[in-house]
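Q: mind looking at a prediction? Sequence and model below.
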Amino acid sequence: MQDQNLAAWLSLSMTPGVSAKLFYALLENKTSPPDFLKADFSFSGKHRQGGDADKFTAACRQLARSKQVKEKVQRALAWRQQEDCHILTLDCAEYPALLKAIPDPPPLLYVQGSPTILNMPQLAMVGSRKPTPGGRALARHLATESSQANFVICSGMALGVDTESHVGAMQAGGSSVAVLGSGIDQLYPKRNRGLAEKLLEQGAIVSEFPLGSAPEAWHFPQRNRIISGMSQGVLVLEAAIKSGSLITARYALEQGREVFAVPGSPHNRMARGCNYLIKNGAKLVEELDDILEELGGFMTFRQSGEEPQKNSQPAISKAAERLLQFIDFEQASVDILAKRSGIETQSIMALLVELEINDLVCVGPGGYSLSPS
């Protein structure tokens with residue numbers, strides 16, 4: 001897309017008061033954002049309301065040309081020039097087809113990594129930020145198996161189930177997509193920086209929010225419609241009744257997607273959300289086959305017995321090799337590892353993700369230790 005055309009899309013998306021509905025109205029009106037910004041534009045047909053509508057159009061046009069909006073647009077265009085940085089608009093061929101079909105698709109997507117992955121069959125996995133050890137292990141296991149069945153795993157890069165889902169997919173040699181509730185340049189949570197770096201190698205990071213957008217609380221329910229919208233189905237693991245994961249499940253139902261849930265004890269508050277979903281029609285999941293019964297038609301399976309390709313000796317960075325020397329079979333916290341190795345805590349988090357993905361370390365209640373295998 002030419003910068004001039006993209007600049008018009010960006011200008012409107014960054015203009016206060018302009019909602020996604022305006023973009024849909026433009027497209028239905030067979031009008032491009034550049035045409036909308038022309039002085040002689042007015043809506044026609046069912047979108048023609050006259051009076052207040054024309055005044056609103058004029059006000060939007062004026063705001064879109066403001067100095068503040070122009071500076072934001074130039075920043076976005078400059079970001080797009082960086083390697084593996086993309087901005088997809090609703091009329092772009094690379095825009096995820098499934099997402100485009102939902103009632104309220106985001107007009108713009110900021111994508112870092114591979115945009116082609118967004119049109120591959122995806123399974124969304126969501127759940128608690130503080131799962132039990134069993135829930136953490138199951139999330140990683142199901143993500144690994146789903147990735148081996150050629151699903152791209154989509155989640156929100158939060159701590160807990162999200163992180164385990166991303167890591168499980170990449171451990172299997174597969175791909176994963178993270179949808180942020182902040183601007184794509186405002187990584188949240190920051191401790192997942194190492195995970196983000198791996199996602200750029202084996203998948204993509206996506207956001208609908210302009211560069212510089214902080215992780216506001218209201219962003220996360222809104223971004224959940226993207227997680228479900230890009231996926232064939234949503235799998236919920238360990239979610240409380242008031243969990244944001246149930247918002248994702250609700251979006252999935254509204255969008256006509258399959259909803260799956262892992263059951264748990266009624267005495268476990270982290271299972272009550274999943275049990276609620278199952279009682280209301282979600283597919284009960286105990287193993288991958290339960291998902292494939294519903295979504296198998298989307299997949300191209302590997303040959304029977306075929307395993308994802310893995311290096312017998314994982315190639316890791318020298319910094320990761322150095323940290324590995326200070327990890328043994330007794331669990332140790334990040335702070336302890338920092339004292340042992342002399343490596344800064346922020347760097348250690350990224351290195352631990354690298355070691356986890358290569359099956360060299362594992363995480364438990366007390367911290368990190370060498371993998372038993």
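A: Alright, I've got the coordinates. Numbering: from 1, shown residues only.

Q: please make it C-alpha for all contacts and neighbour counts, starting now.
A: Fine.

Q: what number of residues lie near Gly134?
A: Gly134: 9 surrounding residues under other C-alpha atoms under 10 Å.

Q: that one - that's part of a helix, no?
A: Yes: checked against DSSP: H, G, I helix; E, B strand; the rest coil, Gly134 lies within a helix.

Q: remind me which residues of the stretch 201-350 of the chain are low pLDDT?
A: Low-confidence segments of the stretch 201-350 of the chain (pLDDT under 70): 297-314.

Q: am I right that Ala25 falls within a strand?
A: No: looking at Ala25 with three-state DSSP, it is helix, so not inside a strand.

Q: count of residues packed around it?
A: Neighbours around Ala25, by other C-alpha under 10 Å: 14.

Q: and the pLDDT at it?
A: With respect to pLDDT, Ala25 has a value of 72.

Q: equivalent analysis for Asp40, please.
A: pLDDT, Asp40: 56.

Q: show me what contacts Ala239?
A: Going by C-alpha atoms under 8 Å, 6 or more residues apart in numbering, Ala239 touches 127-128, 245-246, 269-274.

Q: where does it land in three-state SS?
A: The three-state label given to Ala239 by three-state DSSP is coil.

Q: what do you get for Ala76?
A: helix.

Q: what's the distance between the closest residue in space to it that isn't next to it in sequence and Ser13?
A: Spatial nearest neighbour of Ala76, excluding adjacent residues (C-alpha to C-alpha, 6 or more residues apart in numbering): Leu211 at 6.8 Å. In this view, Leu211 and Ser13 are 12 Å apart by C-alpha to C-alpha, to the nearest Å.

Q: tell me which element Ala178 falls in.
A: Ala178 belongs to strand 176-179 when assigned by DSSP states H and E.

Q: hey, where'd the helices end up in the stretch 51-200 of the chain?
A: Here the stretch 51-200 of the chain has its helices, by DSSP state H, counting those that start in this stretch, at 52-64, 67-80, 97-100, 133-148, 161-171, 193-202.

Q: walk me through the domains of the protein.
A: Annotated domains of the chain cover 1-73, 115-298, 318-370 [automatic domain parsing].

Q: which one of those domains is the most hemmed in?
A: domain 115-298 (a mean of 21; mean count of other C-alpha atoms under 10 Å).

Q: okay, the helices of the stretch 51-200 of the chain in a markdown table with distance to Gly364 next?
A: Putting the helices of the stretch 51-200 of the chain into a markdown table (distance: least, C-alpha to C-alpha, whole Å) gives the following:
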| stretch | distance to Gly364 |
| --- | --- |
| helix 52-64 | 51 |
| helix 67-80 | 38 |
| helix 97-100 | 36 |
| helix 133-148 | 7 |
| helix 161-171 | 12 |
| helix 193-202 | 18 |
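
Q: what's the closest of those to Trp218?
A: Closest to Trp218 of those is helix 161-171 (C-alpha to C-alpha; 18.6 Å).

Q: next, Glu258: phi, psi?
A: phi -80, psi 140 (degrees, to the nearest 10).

Q: ok so, going back, now render the domains of the chain as TSV, adding distance to Asp104.
A: Shown next, in TSV, are those (distance: least, C-alpha to C-alpha, whole Å):
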stretch	distance to Asp104
domain 1-73	7
domain 115-298	9
domain 318-370	35
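
Q: so which of these comes closest to Glu83?
A: The nearest among those, by C-alpha to C-alpha, is domain 115-298 at 10.9 Å.

Q: still on that earlier bit, for the residue nearest to Ala76, what are its contacts?
A: 72, 75-76, 183-186.

Q: lowest-confidence member of the residues you listed, which is it?
A: Lowest confidence among those: Lys72, with 90.

Q: give the contact list for that residue.
A: Contacts of Lys72 (C-alpha under 8 Å, 6+ apart): 14, 211.

Q: please report how far it lies from Leu211.
A: Shown here: Lys72 relative to Leu211, a distance of 8 Å by C-alpha to C-alpha.

Q: and for Glu197?
A: 18 Å.

Q: re the thing from before, reformat the contacts of Ala239 as CSV; add distance to Cys362 and secondary structure.
A: Below are these laid out as CSV (distance: C-alpha to C-alpha, whole Å; DSSP: H, G, I helix; E, B strand; the rest coil):
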residue, distance to Cys362, secondary structure
Gly127, 20, strand
Ser128, 19, coil
Ser245, 25, helix
Leu246, 29, helix
Arg269, 26, helix
Met270, 23, helix
Ala271, 24, helix
Arg272, 28, helix
Gly273, 28, helix
Cys274, 26, helix
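
Q: okay, these in CSV with distance to Asn192 next?
A: Listed next are the contacts of Ala239 as CSV, based on distance: C-alpha to C-alpha, whole Å:
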residue, distance to Asn192
Gly127, 17
Ser128, 16
Ser245, 19
Leu246, 23
Arg269, 26
Met270, 23
Ala271, 25
Arg272, 28
Gly273, 26
Cys274, 26
